[in-house]
Structures are given as structure tokens and as C-alpha cells.
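In: Dropping the sequence and predicted coords here.
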Number of protein chains: 2
Amino acid sequence: MKLTPKGQATRQRIIEGAAEYLRGNAPGAVTLDDVGAVTRTSKGQIFHYFPDGKEGLLLAVARHEAGGVLTDQEPHLSALDSWESWTAWRDAVVARYQAQGRHCPLGALMDQMSSSPGTAEVITELLAQWQRAIRAGVVSMQASGQVRAELDPDRTAAAFVAGIQGGVQVLRATGRSDQLEAAFDLMLDYLRGA
Amino acid sequence: MKLTPKGQATRQRIIEGAAEYLRGNAPGAVTLDDVGAVTRTSKGQIFHYFPDGKEGLLLAVARHEAGGVLTDQEPHLSALDSWESWTAWRDAVVARYQAQGRHCPLGALMDQMSSSPGTAEVITELLAQWQRAIRAGVVSMQASGQVRAELDPDRTAAAFVAGIQGGVQVLRATGRSDQLEAAFDLMLDYLRGA
DNA sequence: GTTCTTCTGGACTTGCTAGTCCACAATTTG
DNA sequence: CAAATTGTGGACTAGCAAGTCCAGAAGAAC
């Protein structure tokens, strides 16, 4: 399928509108008519750009949202080489998710998972990237002697991913960020060797 | 609404059948006809026992499943008073969720959340109970001098909840329990004062 | 045992939604 | 400009699923 610049723009508009809409609504409850209304497009266009229909659209949205999760944490995530940068990252993540509340891209992604199977792979890849970035930070801290060398960077990074992920999940359910902050702080303390 | 013993049994059969079915399917994709087929009941019965229809049924299922999450972790959860009991608990949780894979009550609950609002409260209550139980374990370890006293039991318990929750979530998405184990071990190490 | 209540089955209605189809508009290409 | 391609709108279909309704069976009550 060839796309002119205009077509590209429309396709993008659909993805972004659908993404935003999905952040506030369960994927099962979002209809193509909703998407059309939000993005000012017709059924014809949606199927023109997403021949696989709803499933294809959701997958495209998933990929779009997955991209945003990590770039939202920049520039912190790529430069975890001092204690200041780690805490700055912590603060950025907490603030970000507090502000979003329920309108959470990552959470919306998780919700999509049970509906369309392809989403699971997108999430798996996202988590892997995330973990790699954190791992790099741990290694860099070890290289400069700020973190003890016997720590396993892989497992530490894995724990961070789980803790943040869980904290966000709890935040979505309860509206409170206590668990997210507690998990983050505990893990940072651990890193410091407290 | 009065229920004879027979009625009770039928109602229970519907809840349990629906619960099991929901563990493997997205709530939006589960129809009342499915539930009827699985539990060998008719539409009439479902609406007889759940006048609020699907939403009421889902809520009843949520409550049912929430009850199971904590009792599944017994007797460990109520007796976190020695290092052996903590690691036994860890092993039980990891084994449990590894075995379940995707058929996870807690995860299914989270999925329901975006569809029916009432579920969020059920989850909030469940998480609170869970956190209280862990907190009690931390306090008990402090009382016997096995954990340093300056640790905040509330925040520590909150971090545990987030870590486990996140680990389980990752397990559901990727099928791997690495993150769950890593988070658990990191937090236990932290508790030990490593 | 008859009368009242609860339980069960399933046909039916109603509304909604994914997906189709096609006519027409805009844009590119040569 | 003419022809081909790409973009847009919206009416229409088909099927599904929630919820209604009621007739009758099974069981309680006395």
C-alpha cells in the first residue's frame, strides 16, 4: 500500500487519536465509530489504512504507545551514571505517572494484551529494552565504583522493572503512588548498599 | 431474594465456572452464553441470580477471586516470623504463579478493572489486606531483632506488594518469572540488611 | 395435597458494531 | 489535461450478545 504525505498524516492522526482514547477506555469498549468521531475520519478510511480492521489498528496503537513509554523517561534513562541521575529518574517517573493517573499508556497496553495476542510481543520487547537500559545504568555505576561489583546487573534491572511495573499497576487501581515510591526507594537503597 | 440450598449451589456454580473461564479470556470477550455453556445454565438463571446482569456477575466473580489470592498464600503469609518462613513464602508464590502462567486470578481481576468500575474497589481492598499481612511479618521480624528496627514496615510492605504485583504482571506478558524472582530476592536481601 | 415460592429453559427482541461496498473527491503522474 | 492512483464519506449488511419474558418444573410450606 502506497501512502502519500496526506495519507501518512491521516494514518498518524488515527493512531494518535485512538491511542489517547484508549488510555481512558477499555479496549473492548472502544468502537471504531468512537475512533472515527475522535479523529474525524470515516469507517472507509480506517479500513483503508488498517486492512486488518480493529485488531490491526490496536496493534499499531500498541507499537506507538510502546515507543512513548521509554522516550518519556529520557534523558534520564540513558544516563544513569550518578546518584543524582538515578534519583532524578525516580522523580521523573513518579511525577509522570502521578500526573497521568489512570490515563496511562503502559497500563492501557497491558489491558489490550488479553484482547489481541500480538500486543504481548510488543510488551515483551518493551520490557526487554527497558531492562537493558537499567542494566546499563547499573553496570556504569559499577564501573565507576559507586555500586558494589558483586551485584548481578541483570537481576537488579529485572527487579527494577518488576517494581516499577507493579507500582504503576497499583497506582492505576488505587490512585495512590505510595507503592510505586516505596518500591523505587527500596531498590535505590539496595543499590546504594544500605 | 431468597435462595434455597439448590439455588445457592447453582449461583455458586455460575460464579466458579465464570471465574475459571475469565482467567483464560478477556472479560470483554466472555459472553453470558459462554458462561451458560460452561456452567450448564440458561440465561434465565443467570439473570435470576444476578439481576444486574453481566456487571453484577463480574463483580461477584471479582470478589470470589480476590478471596482466593490471599488464602492461596497461606499458611505462609500469616506466619512471616523467621527467615525460613519468608523464603518458603517466596517459593510458594513463585511456584504458584509459574504453574498458573496466564490463568492468573489476580491478573484477570486487573483486566476486569477497566471494564467494570466496582472491581477497582475490590482490588484496592485486596492490596490493602495483602500489605497489612506483609507489614505484620516485618514488624514481627523486628520484634525478634532479626530485621533492623529503623526500617519503615509500611513502606517495606508497600514495596513488596508492588514488586510481586509487577513480577506477576510481567510473567503474564512474557511467560518468564525472572522479574518476579529477582524482585522478590532483592527485597528479601534488603530485608536481611545486605 | 394444594398452594405458594423458587428454579429452569429457551425463544424473542433490541441495539450495537465490525466489516463491506461503492460512489465520488483529491492528488499524483506522464 | 487525461489517466491512474490514492483518499474520503457514509449507507448498508450481517451477526452477535445483553437483556426480557413467560411458561412450566421442582421444591417448600402447612
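Out: On my side now, so go ahead.
In: residue closest to the middle of chain A?
Out: The centroid of chain A falls nearest to residue A:69 when counting by Cα atoms, centre = their mean (3.2 Å).
In: Now that residue. Nearest residue, chain neighbours left out?
Out: With sequence-adjacent residues excluded and distances taken as Cβ to Cβ, 6 or more residues apart in numbering or on different chains, residue A:69 is closest to residue A:106, at 5.3 Å. Bear in mind the C-beta positions are built from the backbone N, C-alpha and C, glycine included.
In: Let's see the pLDDT reported for the residue nearest to the centre of chain A.
Out: At residue A:69, the model reports a pLDDT of 94.
In: One more: the one 10 residues further on?
Out: What the model reports as pLDDT for residue A:79 is 95.
In: Tell me the spacing between it and DNA strand D.
Out: 39 Å (Cβ to the nearest atom of the strand, to the nearest Å).
In: Now for that residue: which residues touch it?
Out: residue A:85 (Cβ atoms under 8 Å, 6 or more residues apart in numbering or on different chains).
In: how many neighbours does the closest residue to DNA strand C within chain A have?
Out: Nearest residue of chain A to DNA strand C, counting by Cβ to the nearest atom of the strand: residue A:53, 2.3 Å away. By other Cβ atoms under 10 Å in any protein chain shown, 11 other residues sit near residue A:53.
In: how much space between the spatially closest residue to residue A:113 that is not a sequence neighbour and residue B:180?
Out: Of all residues not flanking residue A:113 in the chain, residue A:119 sits nearest, at 4.8 Å (Cβ to Cβ, 6+ apart). Note on residue A:119: its distance to residue B:180, by Cβ to Cβ, to the nearest Å, is 20 Å.
In: touching DNA strand C at all, the lowest-mean-pLDDT helix or strand in chain A?
Out: Across the helices and strands of chain A, mean pLDDT, DSSP states H and E gives its lowest value to helix A:105-115, namely a mean of 87. No. Against DNA strand C, helix A:105-115 shows no contacts by Cβ under 7 Å from any atom of the strand, the least distance being 10.7 Å.
In: That helix: which residues count as buried?
Out: Using 16 or more other Cβ atoms under 10 Å in any protein chain shown as the test for burial, helix A:105-115 gives A:105-115.
In: between that helix and helix B:105-115, how many degrees?
Out: Helix A:105-115 runs at 110 degrees relative to helix B:105-115, counting by axes from the mean of the first three to the mean of the last three Cα atoms, to 10 degrees.
In: then helix A:105-115 to PDB, C-alphas only?
Out: Taking Å, rounded to 0.1, in the frame of the first residue of the first chain, the C-alpha atoms of helix A:105-115 are listed here in PDB:
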ATOM      1  CA  PRO A 105      -0.100   4.300  28.200                       C
ATOM      2  CA  LEU A 106       1.600   1.400  29.700                       C
ATOM      3  CA  GLY A 107      -1.400   0.300  31.600                       C
ATOM      4  CA  ALA A 108      -3.600   0.600  28.600                       C
ATOM      5  CA  LEU A 109      -1.200  -1.600  26.800                       C
ATOM      6  CA  MET A 110      -1.500  -4.300  29.400                       C
ATOM      7  CA  ASP A 111      -5.200  -4.100  29.100                       C
ATOM      8  CA  GLN A 112      -5.000  -4.700  25.300                       C
ATOM      9  CA  MET A 113      -2.900  -7.800  25.900                       C
ATOM     10  CA  SER A 114      -5.700 -10.100  26.700                       C
ATOM     11  CA  SER A 115      -7.800  -9.000  23.700                       C
END
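In: Would you confirm that the residue of chain A closest to DNA strand C contacts residue A:59?
Out: No. Residue A:53 lies out of contact with residue A:59 (Cβ atoms under 8 Å); the separation is 10.7 Å.
In: I'd like the distance from the lengthiest helix in chain A to the chain centre, please.
Out: The helix that spans the most residues within chain A, counting by DSSP state H, is helix A:118-143. In this view, helix A:118-143 has its centroid 12 Å away from the chain centroid, taken as Cα atoms, centre = their mean, to the nearest Å.
In: quick one: it to helix A:105-115, angle?
Out: Using the same axes, to 10 degrees, helix A:118-143 lies at 140 degrees relative to helix A:105-115.
In: List the buried residues for helix A:118-143?
Out: Buried residues in helix A:118-143, counted by 16+ other Cβ under 10 Å: A:119-120, A:122-124, A:126-127, A:130-131, A:133-142.
In: care to break chain A down by domain?
Out: Chain A is divided into the following domains under automatic domain parsing: A:5-63, A:75-192.
In: Pick the most deeply packed of those domains.
Out: Of all the domains of chain A, domain A:75-192 has the most neighbours on average by mean count of other Cβ atoms under 10 Å in any protein chain shown, namely a mean of 20.
In: Need the distance between the two termini of it.
Out: 22 Å (Cα to Cα, to the nearest Å).
In: same question, stretch A:109-123
Out: 8 Å.
In: Provide the secondary structure category for the residue of chain A found nearest DNA strand D.
Out: Going by Cβ to the nearest atom of the strand, DNA strand D is nearest to residue A:7 of chain A, at 1.9 Å. What DSSP: H, G, I helix; E, B strand; the rest coil gives for residue A:7 is helix.
In: Residue A:11: what's it in contact with?
Out: Here residue A:11 is in contact with A:3, A:49 (Cβ under 8 Å, 6+ apart).
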